[in-house]
Each structure stands twice: as structure tokens, then as C-alpha cells.
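Trainee: Here is a sequence with its predicted model. Questions after.
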Amino acid sequence: MKTIAASLIAIVSAVCVTYSAPTQTVDTYHVVVANGRVIDPDSGLDAVCHVGISGGIIRAVGAEPLSGRTVVDASGLVVAPGFIDLHQHAQRTVNAVVDALKAMDGVTTALELEVGTDDIDRWYAARAGKSLILGAYVRDGHVLTLTDALRKMTIMPAARLERRVPAMKRKGRIQVGADGDVIAFDPSRIADRSTYETLAVASTGVVHALVNGVPIVRDGRIVEGAAPGHAVRAPNGGAETIQGRWKLIAAEDLRADGSVARYPWGRRPVGSIVVEGGSCYLQIMSSDVPSFGAGAQPAGEQMKAALLNTYIAYSGPCAIDAAAGSVTLKVEAAWRPDYVGTEQKRFFRFDNGRLIFGPAPNSVRGTGETLTRRLTLERQ
């Protein structure tokens with residue numbers, strides 16, 4: 001990593017315009033990166049802003065302070081999209097020491113785009129749950145502006161791949177709807193320290209780094225045990241398919257104008273959908289439910305109340321109509337007996353590699369209005 005010279009850093013005079021998502025109505029985000037100079041080479045944003053991230057996705061970028069469960073103070077730092085490395089030799093199993101060094105370079109996405117591997121599914125399986133935080137190379141700041149240097153490491157590699165890999169449309173950007181891959185660095189200190197004689201020396205200057213909204217570098221130190229990365233894969237040729245295993249990342253009930261009326265399983269739902277061999281299985285629960293307490297109610301009564309409001313599961317044989325974007329499931333087992341024997345129809349579509357799933361539009365009852373339930377999932 002070459003030094004980005006501090007002399008290239010212009011005085012920030014721009015005003016941060018609020019770019020909050022119209023669907024985000026809660027006032028607390030999972031993570032807030034606060035007070036940093038946000039540079040988004042794609043949109044041209046260069047101003048002191050606050051970035052709100054929930055469910056691994058950037059939900060707000062704005063001038064007003066945001067409330068977060070975790071607040072990362074980026075005062076005096078540059079906040080940018082995580083760097084993307086298009087040429088990472090990674091044929092062997094991930095080396096945690098090497099990964100840590102590359103995380104300190106500010107890399108949040110690394111790809112093998114040269115020789116590849118003889119067994120792609122086995123290669124990804126061996127790295128499941130790893131951070132995907134590998135190497136990056138930054139051009140000498142003496143010949144580029146800071147924004148141009150960041151552009152070459154973020155939006156340019158993302159744009160190069162996004163026609164073939166839809167997931168890359170969410171990379172390399174600090175924008176609402178983009179993945180929460182964000183770094184904060186000190187432009188006056190960022191520099192490489194390794195040499196040919198001493199290779200395993202971490203770079204300096206990257207103070208914070210997040211992958212999917214989860215810190216992997218905090219206050220200049222590696223966060224031990226953090227492994228929030230997901231595979232970045234192109235579709236396996238032809239049309240996308242619902243077949244496979246999907247991990248829930250968001251559940252929302254939307255009004256007609258697209259705003260969020262409520263979060264049916266809280267802001268951090270946990271769940272999955274599996275569609276395999278002519279059968280479907282769905283399970284969702286809220287992760288915000290406290291443990292049962294030794295209160296006035298017996299544990300059994302507390303469990304009944306929690307099941308009604310914080311959990312859902314059902315499974316059975318299903319038929320997929322790909323042309324109509326629908327799945328019809330004959331329920332054989334369910335969390336509530338009255339679901340058993342019913343036929344449940346759900347609709348699906350794909351958005352940049354993600355699965356959008358739910359019942360028919362405007363079929364969910366709200367308070368004085370009908371709502372549309374939207375589940376957003378990523379392939380596991």
C-alpha cells in the first residue's frame with residue numbers, strides 16, 4: 001500500500017445532504033459511523049456526514065447525527081467504501097494472519113480473477129463464514145487526487161464486474177442500499193510498512209473497517225473472531241433460481257408509499273428459507289426477545305406469548321412457478337396447528353442477487369391500512 005499524501009486532501013467545504021432511505025423509520029441503527037469526511041466516488045459526495053447501517057446495509061447517509069447501538073467515531077478521518085481487490089491469489093485455505101494484514105489495508109472484498117480453482121463450490125465452502133478481507137494496492141498519492149485514488153479502489157472495480165455479478169452493484173459505494181462495507185482512515189498516516197525482508201508487517205492509518213456493517217478493525221486493531229463476510233458469486237449461468245438455501249437479512253411491512261410501517265420480527269430477525277427437492281422450509285424469529293424471567297407468569301405462558309409474536313415456521317412440499325415468480329406450499333408442519341393442511345402461496349423476485357420474498361402485495365393487515373410484507377434474503 002503506497003502512502004496517500006496528506007497534501008492531496010482538500011479542505012472540505014461541501015454540505016452533507018441527507019440521503020436516508022424512505023423505508024427507514026426507526027431512529028436507531030445497528031451501527032453508526034459518525035462525524036467522518038465521507039467520500040463516495042460514485043455520487044461525488046465529499047462532506048462530513050453520518051452513516052447509518054442496519055442488517056448489513058447502509059440505510060442512511062446524512063448531516064444530522066444518527067442513533068446507533070454501536071457508534072464508531074470517525075472524527076478527523078476519511079470514510080470511504082471498503083477497498084476491492086480484483087487479483088488475489090487464494091487457492092489455499094484462508095490464512096488468518098494474512099487476512100488480518102489485508103484487513104489493515106482496508107480491503108473488504110477480494111476476488112480471485114486469474115486462474116481460478118478446479119472446484120468452485122468446494123472452494124467457497126472451505127471459506128464459508130470467513131471475512132473475505134484480503135489484499136489491496138493503493139497508487140501513490142502524488143499523482144492522484146484522494147477521490148481519484150479511492151475511485152480506482154472502490155467503484156471502478158465494482159462497476160467492472162456488476163454486469164456479470166449483480167452483487168457488485170452494492171459494493172464500492174457509500175449510498176443508501178449499498179452493502180455496509182465501510183472503512184475510516186487517517187489520510188496523514190496511511191502507509192505501508194512491509195519490505196521484501198519483512199513481509200508480515202501491517203499497514204498503518206486504517207482506524208476502522210466494517211464488513212456488512214460488522215467491525216473487523218476497531219481503533220486500529222483487528223477484532224478477533226469477527227467473520228461477517230459473504231461469498232461474492234456470479235449466477236451459475238442462465239436465469240436465477242430460488243432453489244437452495246437463503247439467509248434472512250431483513251423483514252419489513254411496507255405501506256403503499258414504500259415506507260416501513262413496522263418490523264414484524266424486530267430490527268434484527270434471524271431466519272432462513274430452504275427450497276430443495278420439491279420441498280420448502282421457512283423459519284423466522286426475532287433476536288430481540290429477552291430470556292424468560294422469573295416473573296409472575298410461568299415460563300410456559302411466556303413461551304406461548306413469545307411464539308405468537310416472535311416466531312414463525314412451516315414446511316411441506318411446494319411447487320415453483322418461475323414464470324409467475326410464485327411458490328405454492330402445502331403445509332405439513334407448522335408452528336401453529338391451524339396452518340397445517342393449508343396451501344400458502346408466496347411471491348418472489350431477485351434484486352441484485354438477493355431474494356425478495358413474501359405474500360401477495362397489500363395482503364397484510366396493519367392499523368387501519370393494508371401492508372406488503374417484504375423479506376430480503378441472501379444465498380447461503
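Mentor: Structure received. Numbers count the residues shown, from 1 in each chain.

Trainee: Now do the same for R69: its pLDDT.
Mentor: pLDDT, R69: 89.

Trainee: quick one, what contacts it?
Mentor: T28, Y29, H30, V31 (Cβ atoms under 8 Å, 6 or more residues apart in numbering). (Glycine included, C-beta is placed from N, CA and C.)

Trainee: Give me the packing partners of the helix or strand encompassing the last one, helices and strands only.
Mentor: Assessed by DSSP states H and E, V31 sits inside strand 28-40. Counting contacts by 3 or more Cβ pairs under 8 Å, 6 or more residues apart in numbering; DSSP states H and E, strand 28-40 is packed against strand 45-54, strand 57-62, strand 67-73, strand 78-81, helix 146-153, strand 182-185, strand 206-211.

Trainee: Mean confidence (pLDDT) on the second one, please.
Mentor: In this model, strand 57-62 carries a mean pLDDT of 90.

Trainee: How about stretch 334-352?
Mentor: Stretch 334-352 shows an average pLDDT of 91 in the prediction.

Trainee: Which positions within it qualify as buried?
Mentor: The neighbour-count check on stretch 334-352 (16 or more other Cβ atoms under 10 Å) flags A334, Y339, Q344, R346, F347, F348, F350 as buried.

Trainee: quick one: the strands in the stretch 251-380 of the chain?
Mentor: Under the criterion DSSP state E, counting those that start in this stretch, strands of the stretch 251-380 of the chain are mapped to 260-262, 269-276, 279-286, 311-321, 326-330, 333-334, 343-351, 354-358, 364-365, 370-379.

Trainee: List the buried residues in stretch 158-174.
Mentor: By neighbour count with 16+ other Cβ under 10 Å, stretch 158-174 contains the buried residues 158-159, 161-162, 165-174.

Trainee: Quick one: residues in contact with it.
Mentor: The contact list for stretch 158-174, computed with Cβ under 8 Å, 6+ apart, reads 38-43, 45, 51, 57-58, 61, 79-82, 84, 86, 109, 111, 154-157, 177-179, 181-182, 232-235, 350, 352-353.

Trainee: Span of that stretch from start to end?
Mentor: For stretch 158-174, the first and last residues are 13 Å from each other (Cα to Cα, to the nearest Å).

Trainee: and if you look at stretch 160-176?
Mentor: End-to-end span of stretch 160-176 (Cα to Cα): 21 Å.

Trainee: That one: how far from the chain's middle?
Mentor: Remark: stretch 160-176 is offset 12 Å from the chain centroid, using Cα atoms, centre = their mean, to the nearest Å.

Trainee: same check, this time on stretch 315-328
Mentor: Averaging C-alpha positions (Cα atoms, centre = their mean) puts stretch 315-328 27 Å from its chain's average.

Trainee: try stretch 165-178
Mentor: Here the centre of stretch 165-178 is set off from its chain's centre by 9 Å, with Cα atoms, centre = their mean.

Trainee: for the record, mean pLDDT for it?
Mentor: For stretch 165-178, the mean pLDDT works out to 88.

Trainee: Now do the end-to-end distance for that stretch.
Mentor: Across stretch 165-178, the terminal residues are separated by 15 Å (Cα to Cα).

Trainee: Stretch 29-49 now?
Mentor: End-to-end distance of stretch 29-49 (Cα to Cα): 15 Å.

Trainee: That stretch: which residues count as buried?
Mentor: 29-42, 45-49.

Trainee: Looking at the helices and strands packed on strand 28-40, which is nearest to S194?
Mentor: Of all those, strand 206-211 sits nearest to S194, with 14.2 Å by Cβ to Cβ.

Trainee: How far off centre is whichever helix or strand comes after that closest one?
Mentor: Counting by DSSP H and E, the next helix or strand C-terminal to strand 206-211 is strand 214-218. Relative to the centre of its chain, strand 214-218 is centred 14 Å away, using Cα atoms, centre = their mean.
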